[in-house]
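Student: Got a sequence here, can you model it:
(one chain, ligands or ions: 2)
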Amino acid sequence: MSKVTIFNHPLITHKIAIMRDVKTGSKEFRELVEEVAMLMGYEALRDIETVPVEVQTPMAKTTTQMIAKDLAIVPILRAGLGMVNGILALMPTAKVGHIGLYRDHDTLEPKEYYCKLPEDIAEREVILLDPMLATGGSAAAAITLLKRKGCKNIKLMCILGVQEGIDKVITAHPDVSVYVGLKDEKLNEIGYIVPGLGDAGDRIFGTK
Ligand code: PRP
Ligand code: URA
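Tutor: Ligands and ions are numbered 1, 2, ... in the order given. Now for the predicted structure:
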């Protein structure tokens, strides 16, 4: 059964409020995407597997816990790229794969144009990153692709989502845990989140 976490945390909500503002420029927007990803990652990694290790402190020998395996972080291009450094700040040794998807403007169906993943991705826990979960088509397609490569343990992290997108992902992939910073009201007639924050890729990279 899917686990869906909607953060609704004041720190995250505050940062998203600044991101929503049409007057916020790319530099600040990019910094906020990274900061929100880091805040979300801290919680999303709460159940990551640890193993006991022996450590000699200045005072005594003790058995404590360390993270068992490195992660793979997989941003969906383009906008997911903005979240990568936030997660790498928490797990600097994680490997990074990339999945390139864009939404066809007419059908809103995701089109794959790039995929490069760590060779051992099937053995890693995967954090899939995309700031926007709208129809859910892109995230669901990226998860299908990761599963075809053998991934068994996948978490999806999105900054803003709507119920429709969440439902699409958890219906297609009930084994995936979904983390959403805030849930917005609805999609408009061209599949954009409302009130949302506009086109995340364009705002991160300043392309419009
Ligand atoms: C955006 C966003 C997601 C997707 C979400 O990407 O970053 O990948 O749309 O929409 P969905 O849930 O309806 O699939 P877009 O296709 O605009 O590509 P871009 O990041 O390259 O601009
Ligand atoms: N992709 C975006 O970047 N923004 C939306 O609102 C929906 C999809």
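Student: tell me the pLDDT at the residue of the chain most remote from its centre?
Tutor: Here the chain reaches farthest from its C-alpha mean at Met59, the gap being 40.3 Å by CA atoms, centre = their mean. Note on Met59: pLDDT of 98.
Student: what's the answer for His105, then?
Tutor: Predicted confidence (pLDDT) for His105: 85.
Student: same question, Lys208
Tutor: For Lys208, the model assigns a pLDDT of 87.
Student: where exactly do the strands run in this structure?
Tutor: Taking DSSP state E, the strands of the chain run over residues 4-6, 50-56, 61-67, 71-77, 95-96, 98-103, 110-116, 125-129, 132-133, 154-161, 177-183, 186-187, 193-194.
Student: can you list contacts of stretch 25-44?
Tutor: 5, 7, 9, 11-12, 15-16, 18-19, 24, 82-87, 89-91, 127, 129, 131, 155, 157, 159, 177, 179, 181, 200, 203-206 (CB atoms under 8 Å, 6 or more residues apart in numbering). Yep, even glycine has a C-beta here, placed from its N, CA and C like the rest.
Student: Now, the residues you listed that are in helices?
Tutor: Those of the contacts of stretch 25-44 mapping onto helices are 11-12, 15-16, 18-19, 82-87, 89-90, 200, 203-205, per DSSP state H.
Student: Mind giving me the ChimeraX select for those residues, buried ones only?
Tutor: In ChimeraX syntax, the buried subset of the ones in helices among the contacts of stretch 25-44 is picked out as below (16 or more other CB atoms under 10 Å):
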select :12,15,16,19,82,83,84,85,86,87,90,200,203,204,205
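Student: what's the span of stretch 119-139, first residue to last?
Tutor: End-to-end span of stretch 119-139 (CA to CA, to the nearest Å): 21 Å.
Student: Now do it, average pLDDT.
Tutor: For stretch 119-139, the mean pLDDT works out to 97.
Student: Give me the buried positions along that stretch.
Tutor: Neighbour counts using 16+ other CB under 10 Å place 121-122, 124-139 of stretch 119-139 among the buried residues.
Student: One more: stretch 61-79?
Tutor: Quick answer for stretch 61-79 (16+ other CB under 10 Å): Asp70, Leu71, Ala72, Ile73, Val74, Pro75, Ile76, Leu77, Arg78, Ala79.
Student: I'd like the residues you listed laid out as a markdown table, including distance to His173.
Tutor: A markdown table is the format used below for the buried residues of stretch 61-79 (distance: CB to CB, whole Å):
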| residue | distance to His173 |
| --- | --- |
| Asp70 | 23 |
| Leu71 | 18 |
| Ala72 | 17 |
| Ile73 | 18 |
| Val74 | 14 |
| Pro75 | 18 |
| Ile76 | 14 |
| Leu77 | 20 |
| Arg78 | 22 |
| Ala79 | 20 |
